[in-house]
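Enquirer: The following comprises the amino acid sequence and a computationally predicted model.
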Amino acid sequence: MKKLNKIALIVISSLVLLLPNACTDRYEEYNTDPSIITAELVSVDLMFTNVVTGIPESAGYGNSGDYGSYCGMSKRDDDNSFSEQDAPGEWNFEYSKMLNNLSNIIQLIDGKENKDELVNKTAIARIMKAWSVSKLTDTYGDVPYSESCLPAEIAVLHPKYDTQQSIYTDLFKELKEAAAQLDESKESYGPADLVYQGDVAKWRKLANSLRLRLALRVRYVDAALATAQISDLNMAGLMTTVNDDAYVLNNNDFPNHQNPRFYRIINYGTISESVHCHQTLIDILKNDSIHMDPRIQIYADTVMAPWKGGISPNGYYFPNYEYRGSPTLAVNSATYKYPWGSGTVSDISDFWRVPVVAPAVMKCSEVYFALAEAKLAGILPAGFSGTANDYYQKGIDAAIEWAKWFYNLTAPQMSDLMINYVHNVNYSPGTPWTQADVDQYLEYKKIKDEDVVAFKTTPIYTLAGSAEQQLEMIINQKIVALYPDEFQGWCEYRRTGYPRVAIANDGSSVLKGVVPRRQPWPTVEEQINSESYQDALSRYGKDSKLTKMWWDVNPAAPHPSDFVFPTMPTPYQ
Amino acid sequence: MRKQFLITLILFIGILGNVIAQQRTLSGKVTSAEDGMPLPGVSVVVSGTAVGTVTSGTGDYSLKVPDGSESLSFSFIGMKTQTIQIGELNTINVSMEMTSEILNEVVATALGIKRETKALGFAVQEIGQEDLSASREINVTNFLTAKVAGVQIQKTAGGSTGSSAITIRGAKSLLGNNQPLFVVDGVPITNIGHSSGGTFDDRQDLGDGVGDLNSEDVESMTVLKGPSATALYGARGSNGVILITTKTGKKRKGIGVEVNSNTSIETINQVPTFQNYYANGYEDTNIYGSFIEIPEGSGMMYETMDTWHGDTYGPPLDGRRTIVDPYVFPEDMFKKTLVLLPQPANNVRDFYNSGLNTANSIAISGGNDKTIARLSISNNTTKGIVPNWKTSKQTIVFSASSEVTDYLTFEGKVNYVHDEGNQRPYMGEMYQGGNFPRIFARMSRTIPLPFLKEYYETTGEAGNWPGISINPYYVLNELKNEDSKDRIIGQISATLKLAPWLSLLGRAGTDFYTQTQKRTWPVGAPRSENHGGRIVNDIYGVKDINADVILTANKALSNKFNLNASLGSSILYQQRDHTQLDGRNFKADGVFDIANCIDIYPYTYISKKEMQSVYATAQLAYNNYLFLDVTGRNDWSSALGKDNYSFFYPSVSAGFVFTDAFTSIPGNILSFGKIRGSWAQVGNDSDPYLTMNGYASTTETYAGQGLTWMNSTIPLLDLKNELTESWEIGTDLRFLNNRINLDLTYYNGKTTNQIIPVNVTNASGYSNVVINAGEIQNKGIEATLGLTPVKTASGFTWEINANWSRNHSKVVSLAPGIETITIGSGGSNIIEARVGEAYGNIVGYAYKTAPDGQRIVNSSGGYVPTDAQQVLGNTTPDWIGGLNNTFTYKRLSLNILLDFVQGNEITSSTKYNETASGTGVWTTWGRRLHDIDPATGEQLPLVGILPGVQEITDANGNITYETNTVATDGQTLWANRAWSEIGEEFVLDGSYISLREVMLSYSIKPSLLQKTPFAGITLSAVGRNLAYLEEHMQGMGISPESAPNTSSGYAGVEVLSLPTTRTWAFNIKLNF
């Protein structure tokens, strides 16, 4: 018995002691998430691909109508991006998808032994970052920049807001340095680069062209800075053909990579987008009805489809199949039954709603319009030999060429869109379409060479009048060329006051007919980055949509429109 | 520190070893004189010495007595102490008699140790067999509703088979789910709910872990509320512990058979109410705007109702002819026409069924002197209130214990559960989601449900209807989900009696299951991700392994001092995995298999966590009326930072039974009196992986290229444990021979060093950062009162049991620079933890008011929100309570339970949605702007003028207020409040009094059964959730007590839950 107790005690001691002999050797393994890729193993190429998928997410097609009402491109039923609501979308997108990853790519490469060999990857990331930051600051004004997106160990959780002026200074430096850094003899992103497939020369042209864009943006506030930034540019260093355009095609493999306008058709079970063509865009394209712009049918539908004929779903009858736009802030009223809804104003043409379109960072037509403007302003260096009119016409030519290219890209996708969605009984009233209907439609919509020739004979194709009138012509065409990049359009409108956007001065609207000059900072900033927010607020006085940012100083902007509220036709009974 | 501890441990065992030197062994069994059942825990002491032991679970004892010992003393609380002369006896069996006036309660406490309530220095509350039987609820957790002070139970919106949220003494962890630990027969089980919904989740509630238990197997439930009661369970017990004791076999003649059959019917208690005057459309317009002539040339004009007429602010339901969607019935032009008439009052109610639950179980048990065993099998099927919703559950439990030798007892138990669910209802607020209450809350009052049903049945499609996010009959029949779960909870233990006063328990338990869910959407389902057909397979794996070794000594140190000490160590290994295969875009329509998908998104998650612990506990009793408890525990958790795996926390508690100490107190006035106090700390660790971060990837490609990105959480490399520290004092008083029992507790605790992923500005480059900071305080009072107002000789008694508790929480601090953390959201408001305020504040925009308090109206005639968000209420009740009346007459008893929750607010998504879409009854007020009196053709008087004032600013900037005179349409009057997010409108008083349960039961007199095979028959009828005696839901027909999930932040969020139900249950229990 005694012996048994002794043995038992040994057993107990071992058992009691063995278990807690805190063998924590495996704890590190237990607490390691196997799905996580570490910094040592991560591929900056795949990170870069993920970043550039942000181009189709943000460049124009996604937020259709948000800014279109304030550059005359499109008209959303509620104009709601400028209601009192918080609009943190751009903020979160740029910081969380673009800037943090781009900064991290640059940091990761900087930590590598062969970083000199990877200099192109750093430079390209810097160019993309400059594009992203410029969108951010042009949306909100002063934003966190120098203290933003630092490595996790030294991350600043309450980053200060840098002034837009200092941000622009750095963007110019970044674009210039990055362009100089690019080296054709070294490795690049290759197929991971969905924009240029690693073509270093094209990236250099994009960097310079972006610098031209930003230089013009600051020309009213700091002409010297604009002049200095343009002074070292030359024609060969800029984007000059459609082949130089920086864009990423949507991808049909995964629904969330498709054109968001297509995606929404399915998502909301309806083809209705509540977005129509703007009065201003239609007015420019109608070209005083001398000879309409040959691209008009790519941009817009007539109020009723002339190739089918008939009565609109709402019963209004427009015998002339005309193009009609809608002014900003036009709201439905009891006096007019749905005067600005589908069937009474032109819808944006369905070419912009196929699954694969080409959202762009920048297109070469913009470069020409920028050169025309710079020439007009007298700040273009001597190396550029053309006149303002030369660049203006090259811009229009490039934009028409792009529109043809766009037609060729989208036309093959039209059958599916028209037959399965737009003219399908599950989505829309009316008779379903057949392939013959689609063919007829595509033929009707095609840009015809004879129309282009005729268009070039109209006064709109040649700059004329005072410098200010010429600027208006340039920006009007720039808006058409930029479409559907409404954000860049809004920047142009704030900067130059053109085009003359038709705004219905509706007293009940929160903005009372006044043009918004920025988006307020996300409201959550006030809570989670309070001190920095208050500091920025003290510079701005008021975190308002009407507060002007640093470069927004053109006293003439916006130029008023001579738009008159039209009388609506009597509904067909 | 650890080394010192081990040395102490070895010394401790060494010293004990030296004392093992005895001469003679006495053994025997102690039983109760009343029923002959064995009595465990009886103190057996050699008179005049410190030599003694306690009886085992089977009432047996064995004691080595020194030579010359004269007598043995048997004592047990509530029993008359007996002293027996030893003489030459080797076996002494004792039958103990109860003393009438002293309580004799024994409760299971930490580690399953049975302790006398009397000896505890902290509050515990037990729900015994009498409270459990027959009051059937599918989830045993709901047994506790309104019965335990300080415990709040909230069912989720998942309906009768859904999860339940339990909060004990307030939420302690800022973002944790604050659910207590469930321990079944000494071994913790997991209580995880998979995929229960948040506000915008589009999922089903698959039930929780405790819901798997067969309620018929439960013998009793004990709630350990404070940390001193739970320190020994360590981190997992920091939110309280619920101990569940299941039934075991009993020593008896022959085989005992118990059959229980329960049928319960669930009927809809209340359904949301809707206005029935206006159709869908906008601006109160009298017409939709365009007409079509049908048939052509007939002159019969129909108004066209378009799909974008989504909200219900349109023309009156006055018999007008319309065409809904001119393209939905192309083959029959006339079918699509619709005369707009008020919908039948019951059209939504009729969508639902009655629910039916049947639960049958049979248990066989038996035992002899050495071995007892029990086998129970149950089958439980449920038909839910939503058509096609079915669940079933089968359980098999086998338990046995055997005394292999005098020194060794084995016990084992295995519980197998099979659970299946079919078409569990969707939850949440997703647009075009499948949540029926959401569909109905926003559904226009235009289209009769039979119309939608017919459309679905004719075409097999959902259709695209104005004012209907998705056809509910399509959801019912086409959006499928099914799930199944196989679970095994098992444990084995061996108890080795090393000496009469020293025993060693070794125990291992496991709880593992696999739960799978398959959800499918056919080709053409709304929403792009489902449109090409979709199938989602989820597989959840849960594995817990618990092992522990406990060495327990129970020794009388002198005739006045008794020491009960335990030394233990345990290890817990937890593994959780989740695999999801999300396949989209079918190759062949109608084949619901993952291989049939073009795009497949796989997701896998696996986490492992281990916790090792050593602990020691000692209880010193003086004269059986003064008790001191000390515990200490050290945990090593793998989820913490590398240098912080280890953390230690102690507790101390004391109880003093002054009525035993001062025997001069007359027992017929104060029968029993105790004061108690305790102080304790308990540490808590975190989920795994908060200490690392890196880059994430996906199977998604873009143009053939892979995608990788940086995760945006900044990890905390040196993550430390949370710590709850609390103290409590209490008293237990019984008067007039136990006719009045009063138990009072005051507690005060704080949890510091909270582990929180704090949101930071995205501008930092990161979205959140894990921090160790913050403090929450919880203090409160709990009271239970038992009264026996009537007790007659004829056998009639009336007993009242009441409990009341109030908890006051305060967020003392959060992280530096962080003033508030959002913990939930709903009804356009958020739920916050804000420094200096109570946990669970509802925060949102209020009505902007003029200085005199009148609401400000804008120029369009609508109300205006305040410039800044403000506190609109709090989701934590001021107090909760229960009142239970039991009337017993011989074998008949009637039980009436009332449940009180008072002084809380909820934020209501139902009200938000019905306001936004104009379906709520209240939204008819003022909607007369365009109404023409059909009799006279004149415009009816404008009443759409909101009470309030217009703010007028003159040229000098002076502000004056003028009474509002702007008449406007229904949208501006009502929907504007939702669109402008004036959250104040959607905050409702959440107080209620519920008639929770009425139970009538009768057991047939055994003498009547003598000629039958039955030993006992008990019949009972129970009605649960019968009515709200008080509620403030403004006639909306919703329940104040539903939540979308079990997390504390959502406790006061009403997110379009299923209608509440009344349960009528009939129960027969047969004993053979």
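Expert: Sure thing, it's come through. In this text the structure is predicted, and so the values were computed from the model without any measurement. Numbers count the residues shown, from 1 in each chain, chains lettered A, B, ... in the order given.
Enquirer: For whichever strand or helix holds B:Ile166, name the packing helices and strands.
Expert: With secondary structure defined by DSSP states H and E, B:Ile166 is part of strand B:164-168. Contact partners of strand B:164-168 among helices and strands, from 3 or more C-beta pairs under 8 Å, 6 or more residues apart in numbering or on different chains; DSSP states H and E: strand B:151-155. The way it works is simple: take the backbone N, C-alpha and C, and place the C-beta from them, glycine included.
Enquirer: which stretches of the stretch 201-350 of chain A have low pLDDT?
Expert: A:266-274, A:304-321, A:329-344 (pLDDT under 70).
Enquirer: what about the helices in it?
Expert: Taking DSSP state H, counting those that start in this stretch as the criterion, the stretch 201-350 of chain A carries its helices at A:223-231, A:260-267, A:279-286, A:296-299.
Enquirer: mind giving me TSV with the ones you listed and columns for mean neighbour count and distance to B:Asn748?
Expert: Below are the helices of the stretch 201-350 of chain A laid out as TSV (neighbours: other C-beta atoms under 10 Å in any protein chain shown; distance: least, C-beta to C-beta, whole Å):
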stretch	mean neighbour count	distance to B:Asn748
helix A:223-231	17	64
helix A:260-267	22	52
helix A:279-286	24	68
helix A:296-299	23	70
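Enquirer: Which among those helices is found nearest to chain B?
Expert: Closest to chain B of the helices of the stretch 201-350 of chain A, according to C-beta to the nearest C-beta: helix A:260-267, at 3.9 Å.
Enquirer: Show me how far that closest one is from its chain's centre.
Expert: Here the centre of helix A:260-267 is set off from its chain's centre by 18 Å, with C-alpha atoms, centre = their mean, to the nearest Å.
Enquirer: Quick check: which helices or strands does it pack against?
Expert: Counting by 3+ C-beta pairs under 8 Å, 6+ apart, helix A:260-267 packs on helix B:528-531.
Enquirer: and the helix it packs on, what other elements does it pack with?
Expert: Against helix B:528-531 (3+ C-beta pairs under 8 Å, 6+ apart) you get helix A:260-267.
Enquirer: Could you double-check that B:Ala815 lies in contact with B:Ile771?
Expert: Yes: if you go by C-beta atoms under 8 Å, B:Ala815 and B:Ile771 touch, sitting 4.7 Å apart.
Enquirer: Please say which of the two ends up with more neighbours.
Expert: Set B:Ala815 next to B:Ile771 and count neighbours by other C-beta atoms under 10 Å in any protein chain shown: B:Ile771 wins out with 22 against 18.
Enquirer: For stretch B:1057-1072, output the C-alpha coordinates as CSV.
Expert: Taking C-alpha atoms only, stretch B:1057-1072 is exported to CSV below (Å, rounded to 0.1, in the frame of the first residue of the first chain):
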residue,chain,number,x,y,z
SER,B,1057,-36.5,40.2,-37.7
LEU,B,1058,-39.0,37.5,-38.3
PRO,B,1059,-42.3,38.0,-36.6
THR,B,1060,-42.3,37.0,-32.9
THR,B,1061,-44.1,33.8,-32.0
ARG,B,1062,-46.0,32.4,-29.2
THR,B,1063,-45.3,28.8,-28.3
TRP,B,1064,-47.8,26.3,-27.0
ALA,B,1065,-46.2,23.1,-25.8
PHE,B,1066,-47.6,19.9,-24.5
ASN,B,1067,-45.4,17.5,-22.7
ILE,B,1068,-45.8,14.0,-21.5
LYS,B,1069,-43.2,12.3,-19.3
LEU,B,1070,-43.4,8.6,-18.6
ASN,B,1071,-41.2,6.8,-16.1
PHE,B,1072,-41.2,3.0,-16.1
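Enquirer: quick revisit: what angle separates the strand holding B:Ile166 from strand B:151-155?
Expert: Interaxial angle, strand B:164-168 versus strand B:151-155 (axes from the mean of the first three to the mean of the last three C-alpha atoms, to 10 degrees): 160 degrees.
Enquirer: continuing past strand B:164-168, what's the next helix or strand?
Expert: strand B:181-184.
Enquirer: check contacts around the closest residue to chain B within the stretch 51-200 of chain A.
Expert: Here the stretch 51-200 of chain A gets closest to chain B at one residue, A:Cys149, 3.3 Å apart by C-beta to the nearest C-beta. Shown in contact with A:Cys149 (C-beta atoms under 8 Å, 6 or more residues apart in numbering or on different chains): A:Tyr95, A:Leu99, A:Asn100, A:Leu102, A:Ser103, A:Asn104, B:Ser764, B:Gly765.
Enquirer: hang on, the last one packs against A:Ile154?
Expert: The reference is to B:Gly765. No: using C-beta under 8 Å, B:Gly765 is not in contact with A:Ile154; the gap is 10.8 Å.
Enquirer: Look at those two and report which has more neighbours.
Expert: Using other C-beta under 10 Å as the criterion, B:Gly765 and A:Ile154 rank with B:Gly765 on top: 28 against 7.
Enquirer: For the more buried one, which residues are in contact?
Expert: Counted by C-beta under 8 Å, 6+ apart, B:Gly765 has contacts A:Tyr95, A:Leu99, A:Asn100, A:Ser103, A:Asn104, A:Ser148, A:Cys149, A:Leu150, A:Ala155, B:Ser712.
Enquirer: please redo it, this time with the cut-off set to 6 Å
Expert: A:Asn100, A:Ser148, A:Cys149 (C-beta atoms under 6 Å, 6 or more residues apart in numbering or on different chains).
Enquirer: Just send those back as JSON lines, with secondary structure and distance to B:Lys608 too.
Expert: Converted to JSON lines, the contacts of B:Gly765 look like this (DSSP: H, G, I helix; E, B strand; the rest coil; distance: C-beta to C-beta, whole Å):
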{"residue": "A:Asn100", "secondary structure": "helix", "distance to B:Lys608": "29"}
{"residue": "A:Ser148", "secondary structure": "coil", "distance to B:Lys608": "36"}
{"residue": "A:Cys149", "secondary structure": "coil", "distance to B:Lys608": "33"}
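Enquirer: how about these in a markdown table, adding distance to A:Gln229 and pLDDT?
Expert: Formatted as a markdown table, the contacts of B:Gly765 follow (distance: C-beta to C-beta, whole Å; pLDDT from 0 to 100):
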| residue | distance to A:Gln229 | pLDDT |
| --- | --- | --- |
| A:Asn100 | 27 | 96 |
| A:Ser148 | 23 | 97 |
| A:Cys149 | 25 | 96 |
